[in-house]
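S.K.: for reference, the sequence and a predicted model appear below.
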Amino acid sequence: GEPINPNATYTINDSSITNTAEYDYKVIFTNAGLGYYLLDSSVGALCSLTTAGGSSVNINEKNEVPKVTKEVHNGTSYEDFNTADVGNVVYFRSFITVPYYTTSLYFNDKMDSGLTFNDPTDDEVVGADVTGDTTRHAKLTVTYQVTNGTTPRELQRDTDYQVIKEGSELNGYSFRIKFLEPFYDKINAKGSGGAYTTSWTVTVYYSAIVDKNAVDKTDGVLNKANVSYGDKPSFTPDATTKTYTFNFNIAKYTGDLASPRYLSGAIFRIYQVFNSTAPGETQRNVYYKFTKQENTDVSKPDVYICNGYTTNPDEATLIETNSSGKFIIKGINAGDYRIEETKAPITFNPLRTPVVVTVGADGKTSYNGSVIDPYDTDNPGYVMIKNNSGTELPETGGIGTTIFYVLGSILLVGATVLLIVKKRMNDEK
């Protein structure tokens, strides 16, 4: 420190800043004479009018305001976007930086159509989760800690904060968190040195269910959050994330790609393959269920929207091509999919192996080395699956080929015996 000069302007620099667990920054003036001092700052905000002399006086600058950031869980990390199936639970977290003198604090979250706030404490239905991962916070959970600290402590619902989901106080948001008096008592408590902890970080964990309204939103489903504070509330800028679902298109045909003839009556089911840690298995097939949209014009593709999963192939939705020979899958996550033909059209041969289709995070579809755009308004891309007609011989190694080999061998042996007998008869003559 240095003796205070009431006519001087002081600038905070590296030599006068002290970082401690209790302070962000500290400026110390020493040898101040008895009297009143007005401490102002370059941002134009009055800090304090106080007396000094004979004892130490702590002045806490109050120019900081709350701030908020927001993330959504995507795969293995939190990011500003994620991809999901309709029916998935998606997991969010928001970080609120709260100065200790903050009052009337609210966390406000607005979910666009396509996301439904999920609050398991009310026994609401929780959407399906393919991976079975339970490490994310589906239950609304709020913690607080010293900013840059390492020991979060959980706040208690209906004691430290209240969750608002309905009524006039909702103000058009999907839900709000109103912080209550016991919370302010915690962040206003002085430390062992008699000073305030100037900044706290509050973390809000919560979740939502992706619903069918997320389908076809190529710009993603927006979720935004802000913080309001003060008796005449001020608002932080919105922090945002986006959640995407995707489509892909399938066409069943015969002939040439240049002039395909589309086929009705082909039946498919769709599944994904996941690694498994269950005893006795290394991978697990997860089959999709779909809801078929009403279609009164069978010359147009049927549309199927994701509606859950099963590990039992007999419970999977079977999709049959109509007169258009096409169908559209909607509301699915990015990833690899197997398109398995369970029945071919009459007089046509079924596929021997599933077709692998990859849906990218950009929404484009890849298969057999081709990349197509299912959203192209002029020429939407289709995964083209060909069937051939006619009688098909069984594959090598099958039971059918064994029968042919046995019959062929019998005929060959019979013909040889017949030739030998005939030759002997001729010799005897």
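M.R.: Everything's here; your move.
S.K.: tell me the contacts of the residue sitting nearest the centre point of the chain?
M.R.: Computing the C-alpha centroid of the chain and ranking residues by CA atoms, centre = their mean puts N82 first, at 3.8 Å. Each residue near N82 by CB atoms under 8 Å, 6 or more residues apart in numbering is listed here: V72, H73, N74, G75, V90, T241, K242, T243, Y244. (Glycine included, C-beta is placed from N, CA and C.)
S.K.: how close does it get to N387?
M.R.: 37 Å (CB to CB, to the nearest Å).
S.K.: ramachandran angles for the residue nearest to the centre of the chain?
M.R.: phi -150, psi 170 (degrees, to the nearest 10).
S.K.: which residues sit in contact with the nearest residue to it once chain neighbours are set aside?
M.R.: For N82, the nearest residue in space outside its immediate sequence neighbours is N74; the separation is 3.6 Å by CB to CB, 6 or more residues apart in numbering. With contacts defined as CB under 8 Å, 6+ apart, the neighbours of N74 are F81, N82, T83.
S.K.: what about I177, how many neighbours?
M.R.: 26 (other CB atoms under 10 Å).
S.K.: same check on R352?
M.R.: One way to gauge burial is a neighbour count; for R352, by other CB under 10 Å, it gives 8.
S.K.: before we move on, back to that, hey, what's the residue nearest to the centre of the chain bridged with?
M.R.: Here N82 sits in beta bridges with T243, going by DSSP bridges.
S.K.: let me know the pLDDT of it.
M.R.: On pLDDT, N82 comes in at 96.
S.K.: how much space between it and F92?
M.R.: To F92, N82 is 9 Å away according to CB to CB.
S.K.: returning to what we had before: can I get the contacts of N74 in JSON lines with distance to E294?
M.R.: Rendered in JSON lines, the data for the contacts of N74 read as follows (distance: CB to CB, whole Å):
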{"residue": "F81", "distance to E294": "32"}
{"residue": "N82", "distance to E294": "30"}
{"residue": "T83", "distance to E294": "27"}
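S.K.: ranges for the strands of the stretch 101-250 of the chain?
M.R.: Along the stretch 101-250 of the chain, the stretches classed as strands by DSSP state E, counting those that start in this stretch are 106-111, 115-118, 141-146, 153-154, 161-164, 175-179, 199-210, 221-229, 234-235, 239-244, 246-254.
S.K.: do you know which of these lies nearest Y382?
M.R.: Between Y382 and those, the shortest gap by CB to CB is with strand 246-254, which sits at 4.1 Å.
S.K.: which secondary structure elements does the closest one sit against?
M.R.: Applying 3 or more CB pairs under 8 Å, 6 or more residues apart in numbering; DSSP states H and E, one finds that strand 246-254 makes contact with strand 261-262, strand 326-332, strand 355-359, strand 383-386.
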